[in-house]
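In: sequence first, then the predicted structure:
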Amino acid sequence: MNDIIIKNISALILPKKSEQPLKGSEMDELEIIEDAMIVIKDGHVVYRGEETKGYEATEEIDADGMVVSPALVDPHTHVVHGGSREHEMALKRQGVDYLTILEQGGGILNTVEQTRKATHQQLLDKASKNIIRMIQHGVLTIESKSGYGLDRENELKQLEVSREISQKFPITMRHTFLGPHAIPKGMDKDVFLDEMIELLDEAQAYADFADIFCETGVFTIEQSRKYMKAANALGMRVKIHADEIDPLGGLELAIEQNAISADHLVAASTNGKNLLPDSDTVAVLLPGTTFYLGKDQFADARGMIENGGAVSLATDYNPGSCVTDNLQMIMAIASLKLKMTPNEIWNAVTVNAAHAIDVDKGTLEAGDQADIVLWDAPNHEYIPYHYGVNHAHTVIAKGQVVYRRPGLEPLR
Ligand SMILES: N=CN[C@@H](CCC(=O)O)C(=O)O
Ligand SMILES: [Zn+2]
């Protein structure tokens, strides 16, 4: 006997399973089956496709009028941290920019202070609230970075919390060591970078990837190259926060160092964008950050896709530059500001996001883990269109319903 049949699906969204991320025009291809069904057994998909007879299950879910898709993948978050930085909003309104706040000892360094003070349990409790919200918004695969410890004890504390989260919730996670995220107050940059390079060996027991913030006033291209080479030599795949604010050539460096992803890329050069299609690097765009920092220039998603590159989207949830854990909101900003098509957006938050963190997720083939979302939406274009709210109706993780949107019966 099967466990669940999801029947009467109005539109079943099926991103293509492929060894490589979807690139260029492939990103606009998305199979959509109307009047579909999914059969689940032992946490996996047994059948998905047109409605057919011959399957029985213990539970039936009626998805009439709903879109159903693989659960979303968020490939870039800073979900484990102490405190919050709402006071920075006033500074930003007065025109003080992101890098100036950091230079003055605030920004990331403020969160470092609060993260160092927090216990393992406090960090876990705080991050759990975000993770629950992400699940409720249809996200079941999440990448989580360290980077608010900036020393051995606190970086590893963050990574331990991150690993505990993946045990506590029915989600899939990838963990990233981001030791070189800022320079601790009063420390020499090169001395600190060497400390973080030394820590890589120990960090790889906790982390899947090594990441660095390459930016004006933070780490230079040369320093980033040194760190990425050291991580690669240990066999760790690398990521980079690249060309977020200034065009330093971070995308070119990512490709040179065979990074699994290059993230941000708002100011990426034409040369970097031209190199993207022939590389194995996924461009992880974070338009919620550009929006939240109040900037006018967004990453050139159209140029990257039309050039033949692979693009993904993420929230970049963090307490300073993008304070949302709602990936649906990012889908809306991607439509409005990155001018991505609905099909490109769906591929960017499923299969390409999975490639950006090396997980077999974001598709719904027979045999895949049943991580599925039923959306209260008439079609797949509706979700980026009706923005700022949660369209997730039912979330199924590993074949179990973990979230059902509560109703307001007395108001009906
Ligand atoms: N830009 C660098 N790191 C984060 C922000 C971290 C913070 O401001 O706390 C980002 O990806 O946007
Ligand atoms: Zn980030």
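Out: Received, thanks. Ligands and ions are numbered 1, 2, ... in the order given.

In: all helices of the stretch 201-350 of the chain, in order?
Out: 221-233, 250-256, 270-275, 287-292, 301-307, 327-336, 342-348 (DSSP state H, counting those that start in this stretch).

In: which one of the ones you listed lies nearest to ligand 1?
Out: helix 287-292 (5.0 Å; C-beta to the nearest ligand atom). (C-beta placed from N, C-alpha, C; glycine too.)

In: and the closest one, what's buried?
Out: Buried residues in helix 287-292, counted by 16 or more other C-beta atoms under 10 Å: 287-292.

In: kindly report the same for stretch 169-184.
Out: 169-183.

In: how about the CA coordinates for it, as PDB?
Out: Extracted in PDB, the C-alpha atoms of stretch 169-184 (Å, rounded to 0.1, in the frame of the first residue of the first chain):
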ATOM      1  CA  PHE A 169      14.100  19.400  11.300                       C
ATOM      2  CA  PRO A 170      13.000  17.300   8.300                       C
ATOM      3  CA  ILE A 171      15.100  19.300   5.900                       C
ATOM      4  CA  THR A 172      18.300  18.800   3.900                       C
ATOM      5  CA  MET A 173      21.100  21.200   4.600                       C
ATOM      6  CA  ARG A 174      24.600  22.100   3.400                       C
ATOM      7  CA  HIS A 175      26.900  23.900   5.700                       C
ATOM      8  CA  THR A 176      29.500  26.500   4.600                       C
ATOM      9  CA  PHE A 177      32.600  27.800   6.500                       C
ATOM     10  CA  LEU A 178      32.700  31.600   6.000                       C
ATOM     11  CA  GLY A 179      35.500  32.400   8.400                       C
ATOM     12  CA  PRO A 180      36.800  35.300   6.200                       C
ATOM     13  CA  HIS A 181      33.600  37.300   6.300                       C
ATOM     14  CA  ALA A 182      35.000  40.400   8.000                       C
ATOM     15  CA  ILE A 183      38.100  41.400   9.900                       C
ATOM     16  CA  PRO A 184      37.900  41.400  13.700                       C
END
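
In: burial count for the closest residue to Leu248 other than its chain neighbours?
Out: Excluding the flanking residues, the one nearest Leu248 by C-beta to C-beta, 6 or more residues apart in numbering is Ile221, at 5.6 Å. By other C-beta atoms under 10 Å, the residues close to Ile221 number 16.

In: isn't Ile221 up against Cys214?
Out: Yes. Under the criterion of C-beta atoms under 8 Å, Ile221 makes contact with Cys214 at 6.4 Å.

In: where do the contact lists of the two overlap?
Out: Shared contacts of Ile221 and Cys214, defined by C-beta atoms under 8 Å, 6 or more residues apart in numbering, comprise 248, 250, 253.

In: among the residues you listed, who's most crowded?
Out: Going by other C-beta under 10 Å, Gly250 tops the shared contacts of Ile221 and Cys214 with 30 neighbours.

In: residue contacts, the closest residue to that residue other than its chain neighbours?
Out: Distances taken as C-beta to C-beta, 6+ apart put Ala242 closest to Gly250, at 2.6 Å, once the chain neighbours are dropped. Residues counted as contacts of Ala242 (C-beta under 8 Å, 6+ apart) are 214, 248, 250-251, 253-254, 262-265, 268.

In: ok, now Ala233?
Out: Per C-beta under 8 Å, 6+ apart, neighbours of Ala233: none.

In: show the pLDDT at it.
Out: pLDDT for Ala233: 98.

In: spell out which parts of the protein neighbour ligand 1.
Out: 78, 107-108, 111, 213, 241, 244, 289, 316, 318-321 (C-beta under 6 Å from any ligand atom).

In: take these and keep only those in strands.
Out: His241 (DSSP state E).
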